[in-house]
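Undergrad: sequence and predicted structure below; questions after.
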Amino acid sequence: MGLGDIDRKHVEAAIDEYDHLRKGKFFDKHNIRAAERFYVMQEDWAYEVEALLGMSNATDMKAATARLVDLGFEVQDRDLIPRFGPIPGIDEGRAFIDRRSAAGRQVHRALQAGIVGTAKTGAESIVVSGGYDEDRDEGDFILYTGHGGRDSDTGKQVDDQTFAAPGNAALKVSMAEGDLVRVIRGAHRGSKHGPAEGLRYDGLFRVESASYGRTSDGKYRICQFGMVKVELPGLDVVLNAKDVKVSVEVAHSDKPLGNLVPGRRGAWRQRIVRSTAVTKKIKNIHDDRCQICGDHLVAGDVSYSEGAHIQGLGKPHEGPDIESNVLCLCPSCHVRFDLGAIVIHDDHSLWLNGVRYGELRTHPSHHVDHKYLAWHRAAYEN
């Protein structure tokens, strides 16, 4: 049967069989190989074009997708869907009946995992579904527990979590880079902010903190992420569903990457540096010289440093904005300190990734309280 002989009933029959057999058995039965790029969308469920048309992935996809569009089907090209930030055509508050539908629209691509992302790329999205007693959901603030350490049969915590686990590492990278993460809430008991059923896309959140905590019984270490809702004005201008068209061009090219005249695009990234009267005073005391590495950043007649709170301000850490809880750091050391790569012992020795690094620079007019250094070590030191 040629493409011209295929009508809507043929495609709908293939969809029914796909749903009945499920993907694995359907692919085995028909010896299907799919490139996992082009999909037919039925509501929010996605079906590989090759599977529905009984084609190999070497078949002319331009003709195949054109035929499906002519038959009235929506065809999705996943090469055009961004992995990070908002998904074109998916508004905040959009509901999904299940994980499969959320994955079909690429809002959360994993059918089971709560975190999508890697240590290399950062996190794309998370699902908040009340999986841990230690989670807190306050609407615009979420204390999200990472993954790992659970018994696969009982679901009980039996070991510590680590930031080396893929999803936890991804969220930590997002924090370091300032990349925003899609949050999808799932229905679960006791939730004031989740949907009554299914799942709901609830916008973009910034990973503000990543530190160790404890299970409610105190037995095991868990990775906890403080996440804050962000509002980005003008998203309807930056991204609009009508601007996203099905591409039928081959993705591979020998042309060099880059653009001499780059166009504008959304950059879903925020890095927050808090500036208070207290941090300004500490920076003045140290003349903008980093207390860790000693660097003094100067551009012309302007010097620059950042005030770093040892125990973070706000949720979930609730640290105080006082002089003894602040350090004067350069941007590089600030990031490493916030990520826990650098910790400071009570003798003011500096430790970088577990190796002694030097000694904290001090000033007689600036007292650093050891209890905040101890808090920081407990939160980050392995």
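TA: Here it is on my side, so go on.
Undergrad: when you work out contacts or count neighbours from here on, use the C-alpha atoms and nothing else.
TA: Noted.
Undergrad: so for the lengthiest helix in the chain, what gets flagged as buried?
TA: In the chain, with assignment by DSSP state H, the single longest helix is helix 8-30. Within helix 8-30, the residues that count as buried by 16 or more other Cα atoms under 10 Å are 11, 14, 15, 18, 26, 27.
Undergrad: how about those in a markdown table, adding pLDDT and distance to residue 41?
TA: Formatted as a markdown table, those follow (pLDDT from 0 to 100; distance: Cα to Cα, whole Å):
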| residue | pLDDT | distance to residue 41 |
| --- | --- | --- |
| 11 | 94 | 12 |
| 14 | 94 | 13 |
| 15 | 96 | 10 |
| 18 | 95 | 13 |
| 26 | 94 | 17 |
| 27 | 92 | 18 |
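Undergrad: show me where the stretch 151-300 of the chain has helices.
TA: 166-177, 235-238, 277-285 (DSSP state H, counting those that start in this stretch).
Undergrad: what's the closest of these to residue 351?
TA: Closest to residue 351 of those is helix 166-177 (Cα to Cα; 19.0 Å).
Undergrad: pLDDT on the closest one, on average?
TA: Averaged over helix 166-177, pLDDT sits at 92.
Undergrad: and that helix, how far from the chain's centre?
TA: Its chain's C-alpha centre and that of helix 166-177 lie 7 Å apart, by Cα atoms, centre = their mean, to the nearest Å.
Undergrad: that older thread, return the most buried member of the helices of the stretch 151-300 of the chain.
TA: Burial of the helices of the stretch 151-300 of the chain is given as mean neighbour count (mean count of other Cα atoms under 10 Å); helix 166-177 ranks first at a mean of 25.
Undergrad: give me the helices and strands touching that helix, please.
TA: strand 115-118, strand 122-128, strand 199-214 (3 or more Cα pairs under 8 Å, 6 or more residues apart in numbering; DSSP states H and E).
Undergrad: turn the ones you listed into JSON lines, columns for mean neighbour count and distance to residue 328.
TA: Formatted as JSON lines, these follow (neighbours: other Cα atoms under 10 Å; distance: least, Cα to Cα, whole Å):
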{"stretch": "strand 115-118", "mean neighbour count": "23", "distance to residue 328": "32"}
{"stretch": "strand 122-128", "mean neighbour count": "26", "distance to residue 328": "28"}
{"stretch": "strand 199-214", "mean neighbour count": "23", "distance to residue 328": "19"}
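Undergrad: pop the domain breakdown of the protein in here.
TA: 3-78, 95-238, 277-380 (automatic domain parsing).
Undergrad: deepest of those domains, which one?
TA: Mean neighbour count (mean count of other Cα under 10 Å) peaks for domain 95-238 among these, with a mean of 19.
Undergrad: sorry, back to before: redo the helices of the stretch 151-300 of the chain as a markdown table? Include distance to residue 160.
TA: Formatted as a markdown table, the helices of the stretch 151-300 of the chain follow (distance: least, Cα to Cα, whole Å):
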| stretch | distance to residue 160 |
| --- | --- |
| helix 166-177 | 13 |
| helix 235-238 | 40 |
| helix 277-285 | 35 |
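Undergrad: what's the closest of the helices and strands packed on helix 166-177 to residue 68?
TA: Nearest to residue 68, of these and by Cα to Cα, is strand 199-214 at 28.5 Å.
Undergrad: strands paired with that closest one, and their directions?
TA: Here strand 199-214 has these sheet partners by DSSP bridges: strand 95-96 (antiparallel), strand 180-186 (antiparallel), strand 221-229 (antiparallel).
Undergrad: out of these, flag the one nearest residue 297.
TA: strand 180-186 (28.2 Å).
Undergrad: make CSV out of the helices and strands packed on helix 166-177 and add mean pLDDT and distance to residue 33.
TA: Formatted as CSV, those follow (pLDDT from 0 to 100; distance: least, Cα to Cα, whole Å):
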stretch, mean pLDDT, distance to residue 33
strand 115-118, 96, 24
strand 122-128, 96, 27
strand 199-214, 94, 30
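Undergrad: rewinding a little: the helices of the stretch 151-300 of the chain: which one's closest to residue 321?
TA: Among the helices of the stretch 151-300 of the chain, helix 277-285 comes nearest to residue 321, with 6.9 Å by Cα to Cα.
Undergrad: what mean pLDDT does that closest one get?
TA: Mean predicted lDDT for helix 277-285 stands at 92.
Undergrad: who's in contact with residue 294?
TA: In this structure, residue 294 makes contact with residue 361, judged by Cα atoms under 8 Å, 6 or more residues apart in numbering.
Undergrad: how about residue 45?
TA: 100, 101, 104, 105.
Undergrad: that older thread, on contacts alone, who are the packing partners of the longest helix of the chain?
TA: Taking 3+ Cα pairs under 8 Å, 6+ apart as the contact cut, helix 8-30 packs with helix 49-53.
Undergrad: hmm, who's touching the helix it packs on?
TA: Looking at what lies outside helix 49-53 - Cα under 8 Å, 6+ apart - the contacts are 11, 14-15, 27, 32-34, 38-40, 56-57, 64-65.
Undergrad: likewise stretch 308-328?
TA: For stretch 308-328, contacts defined as Cα under 8 Å, 6+ apart pick out 141, 143, 209, 226, 274, 278-279, 282-283, 286, 288-291, 305-307, 329, 334, 366-369, 372-373, 375-376.
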